[in-house]
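[1] Take this sequence and fold it.
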Amino acid sequence: MGYEAVIGLEIHAQLQTRTKLFCACPATFGAEPNTLTCPVCLGLPGALPVLNRRAVEFAIRAAGALGCTVHRESAFDRKSYFYPDLPKGYQITQYTRPLATGGGIETDMPDGVRSVPIRRIHIEEDAGRTVRGPAADRVLLDFNRAGTPLAEIVTEPAISSPAEAVACLKALRQILMYLEVCNGNMEEGSLRCEANVSVRPLGSTEHRPRTEIKNLNSFRFVERAMRIEIDRQVAVYEAGGAIEPRTMCYDENADSVRPTRPKEEAHDYRYVPEPDLQPLRLSDERIAEVAAEQPELPRARRARFETQYGLPRSAAEVLTAERPLADYFEDCVKLWLDPHAVAGWVMTDLLGGLGRDKVPVASCPVTPNNLVSLLKLIHKGEISHAMAREIFAEMYRSGSDAPTIVHEKGLAQVSDAAELRAVVEGIVDANPAQFDKYLAGNEKIIDFFMGELMKATMGRANPAVALEIIKRKLKK
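    Numbers count the residues shown, from 1 in each chain. Predicted coordinates for the structure are as follows:
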């Protein structure tokens with residue numbers, strides 16, 4: 001019997017606010033353990049939460065970009081469960097009345113674009129973090145992350161394969177990073193995914209028991225964990241068994257999925273309205289103001305790059321992969337109206353250097369002005385393309401502009417015909433045997449004379465001018 005997967009995703013995106021969701025503690029990564037805490041995020045008696053306005057705006061921005069309906073009134077609830085990294089014994093979240101519902105994540109698949117429907121987006125606080133201690137039997141707790149603001153984006157169980165799930169997650173990550181509401185760093189936990197997985201016979205519409213794979217923090221782990229769990233469930237059904245709803249954990253070292261605890265349902269969390277927070281009320285005007293701040297999204301920008309600049313789809317995809325890169329490209333094109341030339345240098349030399357050194361585009365040592373200064377020298381014939389590569393490498397290293405480097409290193413291209421003619425004559429006179437071969441009909445000897453000329457001028461001879469002078473000299 002054939003089976004098909006039914007997958008729904010719960011994606012936790014940490015919102016890029018300076019402070020936590022309900023207190024003024026910094027929401028930063030990498031600080032010494034338990035140094036970014038206060039009575040509010042530790043849940044000490046008498047401490048009261050105050051909602052972070054910026055976190056709400058970021059969540060609204062994400063919901064608007066995904067086509068969701070942002071509700072004028074939503075509310076916070078307490079989700080009670082006992083786990084060592086949850087200092088209050090409950091999590092403040094939205095359950096009965098979420099911030100937004102509906103919408104979808106447009107996902108590129110081999111057979112076309114598919115919109116993965118969204119069930120809800122809600123705001124909640126993060127828990128702390130458990131860390132393995134130096135001794136095998138010790139677990140340490142770091143509460144720096146407790147209280148950081150999250151937008152949880154829950155899809156409908158409408159995904160049919162691990163590949164589609166990963167494509168959906170990548171598309172969402174790109175949108176959130178374009179909106180600058182989440183940095184998308186999965187290694188640091190800024191974007192985490194939980195996958196609800198079940199399988200059923202092909203063509204069936206029944207909803208079978210599902211398992212939930214928790215806290216997947218890389219695209220590779222997301223896909224691998226789901227594939228393993230799908231294969232496991234199929235094997236259980238083939239053997240006549242039944243699937244128990246359980247929470248699962250992917251072990252990347254063993255490349256396996258193992259159960260951790262029975263799967264909780266809503267009633268297990270004993271949701272109650274949060275007594276210390278009023279309902280969140282938004283005006284139509286405020287929702288519209290946040291929506292107006294939305295930048296051009298990656299899919300629309302990619303399409304515009306293809307039509308406005310005449311770029312092929314592959315180049316447009318590379319250049320719009322990140323908002324800072326797309327901005328960099330367009331800043332260059334504003335200064336130099338040759339998008340194909342700009343695209344070539346950005347995609348090869350610039351991205352090559354940044355990728356090698358693991359430097360973000362925002363910290364690129366070659367400014368758009370400096371890259372355009374190089375393109376102008378090439379266009380004027382003052383430097384060759386080969387010299388330009390050398391100059392670009394120096395620009396990348398020093399941050400200087402092309403004209404300054406050309407002047408300091410004496411790299412200006414030699415285009416003066418009289419100067420080149422004198423050098424060519426000396427080379428031909430010094431190589432009579434090669435000249436005789438040319439006269440005998442071997443025209444490839446021109447390459448020899450061109451090579452000698454480039455050596456004599458240290459690569460500075462203008463190739464077009466030099467080639468014409470060599471041909472005239474040899475024909476005399």
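[2] Tyr396: helix or strand, and which one exactly?
    helix 385-398 (DSSP states H and E).
[3] so where is the chain shaky, pLDDT-wise?
    Residue ranges of the chain with pLDDT under 70: 1, 264, 266, 410-417, 419, 438, 457-467, 473, 475-476.
[4] ok, longest helix in it?
    helix 219-238 (DSSP state H).
[5] Chain neighbours aside, what residue packs nearest to Gln174?
    Among residues not flanking Gln174 along the chain, Pro298 sits closest, at 5.1 Å (Cβ to Cβ, 6 or more residues apart in numbering). C-beta coordinates here come from the backbone N, C-alpha and C atoms, glycine included.
[6] follow-up on the earlier one: restrict the longest helix of the chain to CA atoms and write it as CSV.
    In CSV, the C-alpha atoms belonging to helix 219-238 read as follows (Å, rounded to 0.1, in the frame of the first residue of the first chain):
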residue,chain,number,x,y,z
PHE,A,219,17.1,23.0,7.1
ARG,A,220,19.0,19.7,6.9
PHE,A,221,17.8,18.5,10.3
VAL,A,222,14.2,19.5,9.4
GLU,A,223,14.2,17.4,6.3
ARG,A,224,16.2,14.5,7.7
ALA,A,225,14.1,14.2,10.9
MET,A,226,10.8,14.2,8.9
ARG,A,227,12.0,11.6,6.4
ILE,A,228,13.1,9.3,9.3
GLU,A,229,9.8,9.7,11.1
ILE,A,230,7.7,9.2,7.9
ASP,A,231,9.6,5.9,7.2
ARG,A,232,9.1,4.8,10.9
GLN,A,233,5.4,5.4,10.8
VAL,A,234,5.0,3.6,7.5
ALA,A,235,6.9,0.6,8.9
VAL,A,236,4.6,0.6,12.0
TYR,A,237,1.5,0.6,9.8
GLU,A,238,2.9,-2.1,7.5
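[7] how about the CA coordinates for the following helix or strand past that helix, as CSV?
    As assigned by DSSP H and E, the chain's next helix or strand after helix 219-238 is strand 246-251. The C-alpha trace of strand 246-251 is given here as CSV (Å, rounded to 0.1, in the frame of the first residue of the first chain):
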residue,chain,number,x,y,z
ARG,A,246,4.1,11.5,21.0
THR,A,247,6.7,14.3,21.2
MET,A,248,9.8,13.3,19.3
CYS,A,249,13.4,14.5,19.3
TYR,A,250,15.8,14.3,16.5
ASP,A,251,19.4,13.2,17.5
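[8] tell me what strand 246-251 is packed against?
    Here strand 246-251 touches strand 211-216, helix 219-238, strand 256-262, going by 3 or more Cβ pairs under 8 Å, 6 or more residues apart in numbering; DSSP states H and E.
[9] tell me which residues in the helix holding Tyr396 are buried?
    By neighbour count on 16 or more other Cβ atoms under 10 Å, the buried set for helix 385-398 is Met387, Ala388, Ile391, Phe392, Glu394, Met395, Tyr396.
[10] still on that earlier bit, just checking, the residue nearest to Gln174 touches Arg173?
    No - look at Pro298 against Arg173 with Cβ atoms under 8 Å: they stay out of range, at 10.3 Å.
[11] burial of Phe143, as a residue count?
    Neighbour count of Phe143, defined by other Cβ atoms under 10 Å: 21.
[12] Next, the contact list for it, please.
    Shown in contact with Phe143 (Cβ atoms under 8 Å, 6 or more residues apart in numbering): Asn34, Thr37, Cys41, Leu42, Asp85, Pro87, Gly128, Arg129.
[13] cutoff 7 Å now
    Counting by Cβ atoms under 7 Å, 6 or more residues apart in numbering, Phe143 makes contact with Asn34, Thr37, Cys41, Leu42, Pro87, Gly128.
[14] Equivalent analysis for Val56, please.
    Going by Cβ under 7 Å, 6+ apart, Val56 touches Ile123, Leu280.
[15] Now it: which helix or strand?
    Assessed by DSSP H and E, Val56 sits inside helix 53-65.
[16] How far off centre is that helix?
    How far helix 53-65 lies from its chain's middle: 19 Å, per Cα atoms, centre = their mean, to the nearest Å.
[17] roughly how far is whichever helix or strand comes after it from the heart of the chain?
    Using DSSP H and E, the next helix or strand after helix 53-65 towards the C-terminus is strand 69-70. Mean C-alpha position of strand 69-70 versus that of the full chain (Cα atoms, centre = their mean) differs by 26 Å.
[18] Run through the neighbouring helices and strands of strand 69-70.
    helix 53-65, strand 100-101 (3 or more Cβ pairs under 7 Å, 6 or more residues apart in numbering; DSSP states H and E).
[19] so which strand or helix has the residue at minimal distance from the centre of the chain?
    Nearest to the mean C-alpha position of the chain, by Cα atoms, centre = their mean, lies Gln174 at 5.4 Å. For Gln174, the element it lies in under DSSP H and E is helix 162-179.
[20] gap between that helix and the chain center?
    That offset, for helix 162-179, works out to 9 Å (Cα atoms, centre = their mean).
[21] Tell me the first helix or strand C-terminal of it.
    strand 191-201.
[22] Could you tell me which residues within that next one count as buried?
    By 16+ other Cβ under 10 Å, the buried positions in strand 191-201 come out as Leu191, Arg192, Cys193, Glu194, Ala195, Asn196, Val197, Ser198, Val199, Arg200.
[23] Ok, stretch 371-390 next?
    Buried, per 16+ other Cβ under 10 Å, within stretch 371-390: Leu371, Val372, Ser373, Leu374, Leu375, Leu377, Ile378, Glu382, Ile383, Ser384, Met387, Ala388.
[24] What helix or strand is the first one located in?
    For Leu371, the host element (DSSP H and E) is helix 368-380.
[25] list the contacts for Arg224?
    Shown in contact with Arg224 (Cβ under 7 Å, 6+ apart): Asp255.
[26] Wait, a strand at Phe29?
    No - counting by DSSP: H, G, I helix; E, B strand; the rest coil, Phe29 falls outside a strand, being coil.
[27] Give me the number of neighbouring residues for the closest residue to it other than its chain neighbours.
    Distance criterion Cβ to Cβ, 6+ apart; nearest residue to Phe29, sequence neighbours excluded, is Glu188 at 5.0 Å. Glu188 has 14 neighbours, counted by other Cβ under 10 Å.
[28] quick one, strands of the stretch 251-400 of the chain?
    Counting by DSSP state E, counting those that start in this stretch, the segments of the stretch 251-400 of the chain that form strands are 256-262, 272-273, 280-281.
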